[in-house]
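A.B. asks: My questions concern the predicted model and sequence given below.
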Amino acid sequence: MDYSYPFSIDWTKEEIIDVVTFFEGIEMAYEGGISREDMMARYRKFKAVVPSISEEKTYFKEFEEESGYASFPVIKEVKASPAGPVIKMVKR
């Protein structure tokens, strides 16, 4: 991994950890899979830090530009999947 995670200097240490943990979950979805429940829990914590949809889109875009991992398709899959399955994405 040769990239950085997007964050705001205004966030607390715990908020930064929650956001980084969320983006690590996005990576896991592409690199081997992550349980739907785990990814949803990470997303809920992310949304507690970044409640605005416009800000969410900005951070998703920054992360994708840095890493090549698209966050939105993962979240879309998580929301559409029934409880239990592993979310596994294919990087384009």
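C.D. replies: It's in.

A.B. asks: Which positions in the helix ranked longest in the chain come out as buried?
C.D. replies: Ordering each helix of the chain by length in residues (DSSP state H) puts helix 13-31 first. Neighbour counts over helix 13-31 (16 or more other C-beta atoms under 10 Å) mark E15, D18, V19, V20, F22, F23, G25, I26, E27, M28, A29, Y30 as buried. Where C-beta positions appear, they are placed from N, C-alpha and C, glycine not excepted.

A.B. asks: what helices or strands is the worst-scoring helix or strand of the chain on mean pLDDT leaning on?
C.D. replies: Using mean pLDDT, DSSP states H and E, the weakest-scoring helix or strand in the chain turns out to be strand 86-87, at a mean of 90. Helices and strands touching strand 86-87, by 3 or more C-beta pairs under 8 Å, 6 or more residues apart in numbering; DSSP states H and E, are strand 34-35, helix 36-49, helix 71-80.

A.B. asks: coming back round to it: determine which two of the buried residues of helix 13-31 are furthest apart.
C.D. replies: In the buried residues of helix 13-31, two members sit farther apart than any others by C-beta to C-beta. They are E15 and Y30, at 24.0 Å.

A.B. asks: What's the separation between the residue lying closest to F46 once chain neighbours are set aside and K88?
C.D. replies: In this structure, F46 finds its nearest non-sequential neighbour in F22, 3.8 Å apart by C-beta to C-beta, 6 or more residues apart in numbering. Distance, F22 to K88, by C-beta to C-beta, to the nearest Å: 17 Å.
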